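A.B. asks: Mind looking at a prediction? Sequence and model below.
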Number of protein chains: 2
Amino acid sequence: MSSVIHVHLLPELAPEEALAGSTTVVIDVLRATTTIVHMLAAGADHVVPCISIEDAKEKGAAIEGAILGGERGGVRIDGFDLGNSPSEYSPDVVGGHTIVFTTTNGTKAMQRCQRAGRILIGAFVNLTAVCRELSGAEQVHLVCAGTAGEVTREDVLLAGAIVDLMGTTSDWQLNDAAQIALDAWRAAQEDLVAVPLVERLQKSRGGRNVLAIGLENDIQIAATLDKFDLVPELDAKTWEIRLR
Amino acid sequence: MSSVIHVHLLPELAPEEALAGSTTVVIDVLRATTTIVHMLAAGADHVVPCISIEDAKEKGAAIEGAILGGERGGVRIDGFDLGNSPSEYSPDVVGGHTIVFTTTNGTKAMQRCQRAGRILIGAFVNLTAVCRELSGAEQVHLVCAGTAGEVTREDVLLAGAIVDLMGTTSDWQLNDAAQIALDAWRAAQEDLVAVPLVERLQKSRGGRNVLAIGLENDIQIAATLDKFDLVPELDAKTWEIRLR
């Protein structure tokens, strides 16, 4: 049996039955998955992703030393310690702490994967590490978070980059969305010198939102390939994200 | 104000409010929109698209000389005159007749556009004619039919081809899906000599379905660029498709 990589351009396009038991990667480049990689790289103990603000506050209150992080409409939630910028999660702030985290799109994509065998957290900043982790898997599903039900180019580009890297190591079978993502990534790659990745991300739907709230540095960070050699993984039973 | 081209990779991803009053193109390359272009090119008087088999039978019975056409699971519906192959709709068979037509995905995409100002029927076989028709529009929405809720590459490639052709005539603003479709089309175009369009369509989700029912000739026909210089248009009031 040949291995399969399916890309889902939005969480709602990923059939939950198809994900069951498979290896999934949640992709929300701007910014949830990029930020989660930074949290754990900075020494946070683990991350608890929450759908609602209420849930996050409740869980945060129950955990000793927990830091509340997240956004709505891109900006820090009232009463929360931190927002959704990777740079906020520095070692001195988060080292050893649990982060209770809620974001608009990324957390929903994780929920969609709850029946998966494995749920990995993917971003450009840990691209190669994620691909290495996927190399033994037979059924891989890449789930793009999008923005408010709209397909976003930054997530599709990362999905395409993963498909591209995986393709060199094995004979993978792709669904149409994986082929489209691969095309998008390759078209982008061909003139990365003329138009760097960071500029592409700035022009994407997610990028325009981040620029609009004045956080252009977050895009620069999100566009940094392989900044870290680590893969956060969400445990579907404990609902905690920890480093592999 | 600059003009806008939005691509929707599936009908359910197209917000009906956004489509209201705009110029839309329904895309179901394999095979509904390709076949509709052939019907009218062959001299059919007009086409009545129906969601359900029952509705089609009822409307067919009420129209003098109507021909019932369409498919479920790709194959001709029991009791219907014709299926969904372009070649079935020859001048001697359909000339002067009304075609009452129901297909799985294409008709749903048309329904989604019912509040649009204009609803054009697009296929590779009338690509340039469709683009000419769009050139004056300010708000263009390209609605890909997909297959059973899954994004299909053949529809995305045509959307990308339309965006590509339009881009040379004006300064269009694209949504992320339009940019992705454009990338996919350009990546495909770059080696159309090595891998002709027909082969790409054969490998797409829709193409594999059509091959599975033994209708490879339909794919060959659907991959023929600009076979016709005409644009079918669905009138949202009368719900009839006629040549412009």
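C.D. replies: Alright, I've got the coordinates.
A.B. asks: switch to C-alpha atoms for all contacts and neighbour counts from now on
C.D. replies: Noted.
A.B. asks: which regions of chain A sit below the pLDDT cut-off?
C.D. replies: A:1, A:168-170, A:193 (pLDDT under 70).
A.B. asks: now with 80?
C.D. replies: A:1-2, A:168-171, A:190-195 (pLDDT under 80).
A.B. asks: what about the helices in it?
C.D. replies: Ranges of helices in chain A, per DSSP state H, are A:16-19, A:32-41, A:53-62, A:91-94, A:106-112, A:127-134, A:153-167, A:176-190, A:197-203, A:205-212, A:216-222.
A.B. asks: how far does the second one sit from the chain's center?
C.D. replies: Relative to the centre of its chain, helix A:32-41 is centred 8 Å away, using CA atoms, centre = their mean, to the nearest Å.
A.B. asks: got a list of contacts for it?
C.D. replies: When contacts are defined by CA atoms under 8 Å, 6 or more residues apart in numbering or on different chains, helix A:32-41 is touched by residues A:26-28, A:46-47, A:84-87, A:89-90, A:94, A:103, A:105-107, A:121-126, A:222, A:228, A:230-232, A:242-243.
A.B. asks: And that helix, what's buried?
C.D. replies: Using 16 or more other CA atoms under 10 Å in any protein chain shown as the test for burial, helix A:32-41 gives A:Ala32, A:Thr33, A:Thr34, A:Thr35, A:Ile36, A:Val37, A:His38, A:Met39, A:Leu40, A:Ala41.
A.B. asks: next one: the first one
C.D. replies: Judged by neighbour count using 16+ other CA under 10 Å, the buried positions of helix A:16-19 are A:Leu19.
A.B. asks: Pick the most buried one from the helices of chain A.
C.D. replies: helix A:32-41 (a mean of 27; mean count of other CA atoms under 10 Å in any protein chain shown).
A.B. asks: beta partners for A:Gly122?
C.D. replies: Counting by DSSP bridges, A:Gly122 is bridged to A:Ile27.
A.B. asks: For the residue nearest to A:Ala14 when sequence neighbours are not counted, give its distance to A:Gly160.
C.D. replies: Using CA to CA, 6 or more residues apart in numbering or on different chains and skipping the chain neighbours, the partner closest in space to A:Ala14 is A:His8 (5.5 Å). Distance, A:His8 to A:Gly160, by CA to CA, to the nearest Å: 11 Å.
A.B. asks: what is in contact with these two at once?
C.D. replies: Shared contacts of A:His8 and A:Gly160, counting by CA under 8 Å, 6+ apart, come down to A:Ala178.
A.B. asks: give the contact list for A:Thr147.
C.D. replies: So A:Thr147 contacts A:Asn105, A:Arg205, A:Gly206 (CA under 8 Å, 6+ apart).
A.B. asks: near chain B too, which of those residues?
C.D. replies: A:Arg205 (CA under 8 Å from any CA of the partner chain).
A.B. asks: Just give me the closest of the contacts of A:Thr147 to chain B.
C.D. replies: Nearest to chain B among the contacts of A:Thr147 is A:Arg205, at 6.3 Å by CA to the nearest CA.
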